[in-house]
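> here you go, sequence then predicted model.
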Amino acid sequence: MSDIKNVAVIGSGTMGNGIAHTFAQFGFKVSLIDISQEALNKGLTTIAKNLDRQVAKGSLTESDKESTLNNITTYTDLKEGVAKVELVVEAATENIDLKLKIFKDLDACTSPTTILATNTSSISITKIASVTSKADKVIGMHFMNPVPVMKLVEVIRGYATSDEVAAITMELSKKLNKVPTEVNDYPGFIANRILMPMINEAIYSLYESVAGVEEIDTVMKLGMAHPMGPLQLADFIGLDVCLSILNVLHDGFGNPKYAPCPLLVNMVTAGYKGVKSGEGFYKYTAGSKDLVVSDKFKK
Ligand code: CAA
């Protein structure tokens, strides 16, 4: 049905480089686009490191690694990077004004048939599509972090997304060895509508001193077989990202049950954003895998 071979990925941060890595590993030609060559080089270094990890585990060969890297070309010019692709996956910073600007630009510089996907974790697909002249071609393709490992792609249909574009996106995700799951465009979609209230409740439990950081995470890890406890996962996702998604749920539904915990608001305001800032509920030291509770929460 689809004949997609060339894909542009916008943004070479954590999600963008993971998405580029995955498409390239499965034989697609990838244009990786970012605003500076420095950001692109950092993205490529991360991809090479993650490929080395797969080679060391024996899930890829050294020659698979080389062909994956050879499938990726970097661009700092949006127009040049998207010129010959059939699909764009936007994975820029989660900022609505930035995404709207990118989609306006994409509308002007892609062919009428190019599918425009966004990896947004919470911004309305329908809103993003509304700034283009081809809302039927706009769709959500929400990958999970770490992208090369996680099996899910949440495929989000905007109000005007066509059946054909939804079907192509589902089929394409299967070619990446993922399990695509189709959902409609309402605040938080499904993944974050369910995940974020759980994380918020874990933070409320800490805030109300029901239990400590390690106890809360241990209950959920061992009791519910989650690979990470909710507080560790919040640090991994980024506390600023969690707060912003909770605000989208709160504003979008107007329901106080989604109000972010005041402790989360304070931590983000103070710059404690989790792994990316070096400290959140836990403290992170480069090169160490040890999970050390932040001094703020030591008993
Ligand atoms: N690239 C390639 N491979 C990677 C990788 C990466 N970036 N990160 C980890 N891996 C591989 C490892 O090589 C390893 O492979 P094998 O199974 O073949 O041994 C495997 O993944 C597990 O890695 P580790 O042994 O290093 O560590 P782990 O067992 O602790 O697992 C984890 C790490 C996969 C991150 C696991 O802790 C986990 O699943 N955590 C939860 C992740 C999660 O919930 N993600 C979703 C977040 S929400 C989101 O992304 C969307 C949103 O909108 C907020």
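Looks like it arrived, so ask away.

> quick check: end-to-end length of stretch 150-162?
Using Cα to Cα, to the nearest Å, one end of stretch 150-162 lies 27 Å from the other.

> next one: stretch 274-292 to chain centre, how far?
Relative to the centre of its chain, stretch 274-292 is centred 20 Å away, using Cα atoms, centre = their mean, to the nearest Å.

> okay, how far is it across that stretch, tip to tip?
Stretch 274-292 end-to-end distance (Cα to Cα) = 12 Å.

> before we move on, what about stretch 218-235?
15 Å.

> got the buried residues for that stretch?
Across stretch 218-235, burial judged by 16 or more other Cβ atoms under 10 Å covers Val219, Met220, Lys221, Gly229, Pro230, Leu231, Gln232, Leu233, Ala234, Asp235. Placement of C-beta: from N, CA and C, glycine included.

> so who does the closest residue to Phe281 other than its chain neighbours touch?
Nearest non-adjacent residue to Phe281, counting by Cβ to Cβ, 6 or more residues apart in numbering: Leu231, 4.1 Å away. The neighbours of Leu231, taking Cβ atoms under 8 Å, 6 or more residues apart in numbering as the test, are Ile199, Ala202, Ile203, Leu206, Val213, Ile216, Asp217, Gly280, Phe281, Tyr282.

> repeat that with 10 Å
By Cβ atoms under 10 Å, 6 or more residues apart in numbering, Leu231 lies in contact with 199, 202-203, 205-206, 212-214, 216-217, 220, 239, 274, 280-282, 293-294, 297.

> Ile19 too?
Counted by Cβ under 10 Å, 6+ apart, Ile19 has contacts 7, 9-12, 30, 32, 89-91, 117, 119, 141, 143, 147-148, 153, 176.

> same check on Val7?
Listed by Cβ under 10 Å, 6+ apart, the contact set of Val7 reads 19-20, 23-24, 28-32, 71, 82, 85-89, 115, 117, 172.

> for the residue nearest the centre of the chain, give its distance to His250.
By Cα atoms, centre = their mean, the chain has its centre lying nearest to Met15, at 4.7 Å. With the distance defined as Cβ to Cβ, to the nearest Å, Met15 ends up 23 Å from His250.

> over to Tyr272?
21 Å.

> same question for Ile4.
Distance from Ile4 to His250, by Cβ to Cβ: 37 Å.

> could you do Val82 as well?
Counting by Cβ to Cβ, the gap from Val82 to His250 is 35 Å.

> how about the strands in the stretch 101-250 of the chain?
Counting by DSSP state E, counting those that start in this stretch, one finds strands in the stretch 101-250 of the chain at the ranges 115-118, 138-143, 152-157, 179-184.

> Ala56: which of those is closest?
With Cβ to Cβ, the closest approach to Ala56 among these belongs to strand 138-143: 23.0 Å.

> which parts of the stretch 1-150 of the chain sit against the ligand?
Near the ligand, the residues belonging to the stretch 1-150 of the chain are Asn50, Arg53, Gln54, Lys57, Ser59, Ser121, Met144, Asn145, Pro146, Pro148, Val149, Met150 when assessed by Cβ under 6 Å from any ligand atom.

> adding pLDDT, write these out as CSV.
Formatted as CSV, these follow (pLDDT from 0 to 100):
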residue, pLDDT
Asn50, 98
Arg53, 96
Gln54, 96
Lys57, 95
Ser59, 94
Ser121, 95
Met144, 98
Asn145, 97
Pro146, 97
Pro148, 97
Val149, 97
Met150, 98
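
> so Ile194 makes contact with Gly188?
Yes: using Cβ atoms under 10 Å, Ile194 is in contact with Gly188, at 8.0 Å.

> more crowded one of those two?
A count of neighbours by other Cβ atoms under 10 Å puts Gly188 above the other of Ile194 and Gly188, at 20 against 10.

> rewinding a little: could you dump the strands of the stretch 101-250 of the chain to CSV with mean neighbour count?
CSV is the format used below for the strands of the stretch 101-250 of the chain (neighbours: other Cβ atoms under 10 Å):
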stretch, mean neighbour count
strand 115-118, 26
strand 138-143, 26
strand 152-157, 22
strand 179-184, 16
